[in-house]
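K.L.:
3D, please:
(one chain, ligands or ions: 1)
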Amino acid sequence: MPQLLSLSRAARLVGVTRSKIQKKIQNGELSTFEGKLQVTELLRAYPETQIDDTHMLERVKQIKAAATFTSSREHESALPSQDVLIARLIKLGKELVEVKSAFNRQSELLDTINNKLAEFGDDSLHQWLSTEIQRSPKLEPAAQLLANDTVLRIIAAQVKVIPSGHDFFVEGKDSILEAALRAGLAVNYGCENGNCGACKARIVSGEVQTIRNHDYVFTDLEKQMNYQLLCSCTAITDLTIEAAEAHNPEDIPLQQVDTKVKKLEQLNEDLFLLRLQTPRTKTLRFLAGQYATLQFDNTEIQAFIASCPCDGRNLEFHLSCKFKKNLKLNQIVKLEAPHGDFVLQEDLKRPALFITDDKGFPPIKSLIEHVIASDNETINHLYWITNDETEPYQHNLCRSWVDALDDLKYTRTQTINQIVTDYPDLSNFEVYIAGSDDLISAAAKVLTNKYHIAKLRGEK
Ligand code: FES
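P.N.:
So this is what the prediction gives:
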């Protein structure tokens, strides 16, 4: 039986993103077996892998951290709780006992064959087999890679979601829900503390452990079908779960949340950054690229959310400086969201172009950070259109994305015609445009294919 690894696990072991592995499979450089990778095949494609280098296990995490500048959701902790670690070690111990028993049976069989050959007088074969059996085993690269995989399985469990096929890792002290949101999945949830039942999902295979008591009461049928609350348990082993995910704006209800101002920071002459925090028990559900209505100090505005849904309770907005005087730290801002349909086409299978100017960057930032969090590196090119001599106000952030992601290009240009020169045929691209009316009308003149436009009612 070949040793098989899921694509996500393989990516972690060789220190690349999952989309890099997928590309190699598409290009025929790597072949799969039942949708998984053989360890030997992985080593053939990545012969330079430094098996003993434990830094490689952190590489994918670093890519995301460098690209988003955030540690995303709160209370991040490197290691699972003691209870979870013990449960995982017990589970792996049982597997080890099974492997050891199988190995012992094979050894006994080899000895028996060897003795039989001696009995039948086949000296040359008997001699050869004796030498092979006695050869001291050395640790092969494949075995070393599997040893690293075992360490990964103690630190993190992989969860596959059906029917979508998405997968993610549960790390540290995260609940399954926290890990899913951190990975950019739009799974259903509500209270996040075990009351509402909105996050319930069926555990199809694998073992979970409850990490917090919950008030929600399962029906007998739900118990029989092995339903669990994703906000109240974590994964002990790799899991397959059946869970609903939001795919379209209509899948998420309109929510009203009282948030608090946590940060006010000047971005440039015209814009400031507003960071709001939702209450611990009421995280806002939204899709990247959507906007919110904000009410504060007799003012009501609509603004795109500039952060990724994976940032949990922290919501970022880039607002006109004229509103700054109406806001102060810890002030309550009433928020109604989500609105709008400027969201990614499901799973972004095609390469994407993002076109923005200073006015449209917030939803583009949210989309790109979401793509990064969901390990879906199909972003091809980000264009920032500006006539200004000075750098765009989040120029350094865009450059850091380029440093972190091999496949992303970033161009600051004065005219949208540059895009048509670079890409005369855009028929294979998803094109997302967010910006001023001038940018949108310039795009309408030069782009002949269908594209997605960020539309907002009211103040940008
Ligand atoms: S989100 Fe309400 S019970 Fe889990």
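
K.L.:
going forward, measure contacts and count neighbours with C-alpha atoms only.
P.N.:
Noted.

K.L.:
any idea how far residue 284 is from the ligand?
P.N.:
Plainly put, residue 284 is 12 Å away from the ligand if you go by C-alpha to the nearest ligand atom, to the nearest Å.

K.L.:
and that residue, what does it touch?
P.N.:
Residue 284 sits next to 255, 257, 278, 312-313, 337 when contact means C-alpha atoms under 8 Å, 6 or more residues apart in numbering.

K.L.:
which element is it on?
P.N.:
In this assignment (DSSP states H and E), residue 284 forms part of neither any helix nor any strand.

K.L.:
next one: residue 396
P.N.:
Per DSSP H and E: residue 396 is located in helix 395-404.

K.L.:
how about that helix: buried residues?
P.N.:
Within helix 395-404, the residues scored as buried using 16 or more other C-alpha atoms under 10 Å are 398-399, 401-402, 404.

K.L.:
I'd like the mean pLDDT over the helix or strand harbouring residue 98, please.
P.N.:
Taking DSSP H and E as the criterion, residue 98 maps to helix 82-120. The average of the pLDDT scores along helix 82-120 is 79.

K.L.:
what is it packed up against?
P.N.:
helix 123-134, helix 141-155 (3 or more C-alpha pairs under 8 Å, 6 or more residues apart in numbering; DSSP states H and E).

K.L.:
so how far is the last one off the chain centroid?
P.N.:
In this case it means helix 141-155. Relative to its chain's centre, helix 141-155 lies at 22 Å (C-alpha atoms, centre = their mean, to the nearest Å).

K.L.:
give the buried residues for it.
P.N.:
By neighbour count on 16+ other C-alpha under 10 Å, the buried set for helix 141-155 is 141-142, 145-146, 148-149, 152-155.

K.L.:
and the angle for it with helix 82-120?
P.N.:
Relative orientation of helix 141-155 versus helix 82-120 (axes from the mean of the first three to the mean of the last three C-alpha atoms, to 10 degrees): 150 degrees.

K.L.:
next secondary structure after helix 141-155?
P.N.:
Per DSSP H and E, the first helix or strand lying C-terminal to helix 141-155 is strand 156-162.

K.L.:
and the residue of the stretch 301-450 of the chain closest to the ligand?
P.N.:
For the stretch 301-450 of the chain and the ligand, the shortest gap (C-alpha to the nearest ligand atom) falls at residue 312, measuring 13.1 Å.

K.L.:
does that residue touch residue 282 like I think?
P.N.:
No: counting by C-alpha atoms under 8 Å, residue 312 stays clear of residue 282, with 9.8 Å between them.

K.L.:
give me the neighbour count for the nearest residue in space to residue 46 that is not next to it in sequence.
P.N.:
Nearest residue to residue 46 in three dimensions, chain neighbours excluded: residue 14, at 7.1 Å (C-alpha to C-alpha, 6 or more residues apart in numbering). When neighbours are counted by other C-alpha atoms under 10 Å, residue 14 registers 23.

K.L.:
okay, the contacts of residue 284 in a markdown table with secondary structure and pLDDT next?
P.N.:
Converted to a markdown table, those look like this (DSSP: H, G, I helix; E, B strand; the rest coil; pLDDT from 0 to 100):
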| residue | secondary structure | pLDDT |
| --- | --- | --- |
| 255 | strand | 94 |
| 257 | strand | 95 |
| 278 | coil | 93 |
| 312 | coil | 79 |
| 313 | coil | 87 |
| 337 | strand | 96 |
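
K.L.:
in a markdown table: those, plus distance to residue 47 and neighbour count.
P.N.:
Converted to a markdown table, the contacts of residue 284 look like this (distance: C-alpha to C-alpha, whole Å; neighbours: other C-alpha atoms under 10 Å):
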| residue | distance to residue 47 | neighbour count |
| --- | --- | --- |
| 255 | 50 | 16 |
| 257 | 51 | 18 |
| 278 | 47 | 22 |
| 312 | 38 | 21 |
| 313 | 42 | 22 |
| 337 | 49 | 21 |
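
K.L.:
before we move on, back to that, show the backbone phi and psi for the residue nearest to residue 46.
P.N.:
phi -100, psi 0 (degrees, to the nearest 10).

K.L.:
please apply the same query to residue 429.
P.N.:
Dihedral angles (degrees, to the nearest 10) for residue 429: phi -110, psi 150.

K.L.:
so it touches residue 345, yeah?
P.N.:
No: Residue 429 is beyond contact range of residue 345, at 11.2 Å (criterion: C-alpha under 8 Å).

K.L.:
more crowded one of these two?
P.N.:
Using other C-alpha under 10 Å as the criterion, residue 429 and residue 345 rank with residue 429 on top: 19 against 13.

K.L.:
the closest residue to the ligand within the stretch 201-350 of the chain: neighbour count?
P.N.:
Closest contact between the stretch 201-350 of the chain and the ligand, by C-alpha to the nearest ligand atom, is at residue 231 (4.4 Å). Per other C-alpha under 10 Å, the neighbour tally for residue 231 reads 27.
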